[in-house]
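*Asks:* Starting from these lines, generate the structure:
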Amino acid sequence: MLTLEEVQKIDSESMYARYDEWPEVAEESYNRDIPKVDLKDIDHVVFAGMGGSGTIGDIFSSILSKRQIHVTVVKGYHLPKTIDDRTLVVCTSISGNTNETLSILNEHKNSNGKFVAFSSGGIMEEFCRKNTINHYKIEKIHSPRASCISFLYSALNALEEIIPINKLEIKESIDLLNQTKNKIDSQNLNTKNEALSLAEWIDKIPIIYYPWGLQSAAIRFKNSMQENAKKHILFEDVIEASHNGIVSWEIPSIVQPILMQGKDDHNKTRERWQIIKEFFQEKEIDYKEIFSVDGSILSKLVCLIYTLDMTSIYNAVIGKIDPSPVNSIDFIKNKL
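*Replies:* Prediction:
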């Protein structure tokens, strides 16, 4: 069983400790006294961001998928052509220096849309000051991926007049983050720690299957395993995989399937999970299951992300990999 001493020895920048604080950071960020974005008649919100900043757009896209507001996520250099005067463009760069997101922000000059930006400073803060764009300065905690929670709840705070999310849902999500913390943080490295158990099981290439509503948690797990554990990872929608990806299991594989399920998945999705499990059992393919909490879609996503991010940190440490450095990303950025 992994020990705290081993985690402290290998995690050179104490990323694990920042994650131990996630519930408190979420609560502080949401309750912080900041001006609200006050715009009328917004029916389209574009979230622009890359990496850890991009996760925020993915989450908003999921939690607003059944609300009366259209969401577009942009991970690149250009805005879609559907921007009009009823569109709010939310640009997030935790570092404040993300090349692609700065390019999006620069398009405000030729756009009818309304713009708002979130960063810890950097070029983005100065650009917004010079161009009179509403900017929120949020402290970076360790790294963009570890700072995701503070930026997410700061955005929920600042955008509450525009984003139709009930305050009770947000309070519930923070309460459930606290409950999750008590099961998976570094003070609970035992056999009941779901994040640690999954980390110990993953020793090859994981593939995470997910229902459509939990896609953002699957994308985040891919990103976190790649950055923290430095591992390749696959992800597939369980329904779509039933039409193609399932065939790849007909020959022996080093891939390890993880079934990420929602507590209230659609009846047909639950039926599909059962069939998939029967298929794996017949093929004698070992698999793991992970379930969302019982709550709103926001609660489901943030608690799954919390658990799976801790999994990626523990898996890194088990493999004697320092989760903090991302030298390959730095190599690419230095070439741009």
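
*Asks:* okay, now Lys288: neighbour count?
*Replies:* When counting by other C-beta atoms under 10 Å, one arrives at 16 neighbours for Lys288. In short, each C-beta sits where N, CA and C put it, glycine included.

*Asks:* So what are the structural domains in the protein, by residue number?
*Replies:* Here the domain assignment for the chain is 37-159, 172-318, based on automatic domain parsing.

*Asks:* Out of those domains, which gets the lowest mean score?
*Replies:* Taking each of the domains of the chain in turn, the lowest mean pLDDT turns up on domain 37-159, with a mean of 94.

*Asks:* Off-centre distance for that domain?
*Replies:* On the basis of C-alpha atoms, centre = their mean, to the nearest Å, domain 37-159 is displaced by 15 Å from the centre of the chain it belongs to.

*Asks:* start to end distance for it?
*Replies:* Across its full length, domain 37-159 reaches 6 Å end to end, with C-alpha to C-alpha, to the nearest Å as the criterion.

*Asks:* likewise stretch 4-17?
*Replies:* For stretch 4-17, the first-to-last residue distance is 11 Å (C-alpha to C-alpha).

*Asks:* tell me which residues in it are buried?
*Replies:* Val7, Ile10, Asp11, Met15, Tyr16 (16 or more other C-beta atoms under 10 Å).

*Asks:* Then stretch 263-277?
*Replies:* So stretch 263-277, judged by 16+ other C-beta under 10 Å, has buried residues Asp265, Thr269, Arg272, Trp273, Ile276.

*Asks:* and what of stretch 240-253?
*Replies:* By neighbour count with 16+ other C-beta under 10 Å, stretch 240-253 contains the buried residues Ala241, Ser242, Ile246, Trp249.

*Asks:* repeat for stretch 211-222
*Replies:* Within stretch 211-222, the residues scored as buried using 16+ other C-beta under 10 Å are Pro211, Gly213, Leu214, Gln215, Ser216, Ala217, Ala218, Ile219, Arg220, Phe221, Lys222.

*Asks:* Please apply the same query to stretch 133-150.
*Replies:* Using 16+ other C-beta under 10 Å as the test for burial, stretch 133-150 gives 133, 135-138, 140-141, 143-150.

*Asks:* one step back: taking the buried residues of stretch 240-253 together, which two end up most distant?
*Replies:* Spatially, the most separated pair among the buried residues of stretch 240-253 is Ser242 and Trp249, at 11.6 Å (C-beta to C-beta).

*Asks:* any idea which of the buried residues of stretch 4-17 is closest to Leu196?
*Replies:* Distance from Leu196 was checked for each of those by C-beta to C-beta. The minimum falls on Val7, at 10.1 Å.

*Asks:* hang on, that closest one in a helix?
*Replies:* Yes - the assignment for Val7 by DSSP: H, G, I helix; E, B strand; the rest coil puts it in a helix.

*Asks:* do you know how far it is from Met50?
*Replies:* The spacing between Val7 and Met50, counted by C-beta to C-beta, to the nearest Å, is 28 Å.

*Asks:* likewise Glu250?
*Replies:* From Glu250 over to Met50 the distance is 36 Å, taken as C-beta to C-beta.

*Asks:* One more: Tyr209?
*Replies:* 25 Å.

*Asks:* cool, and Gly122?
*Replies:* Gly122 is 14 Å from Met50, by C-beta to C-beta.
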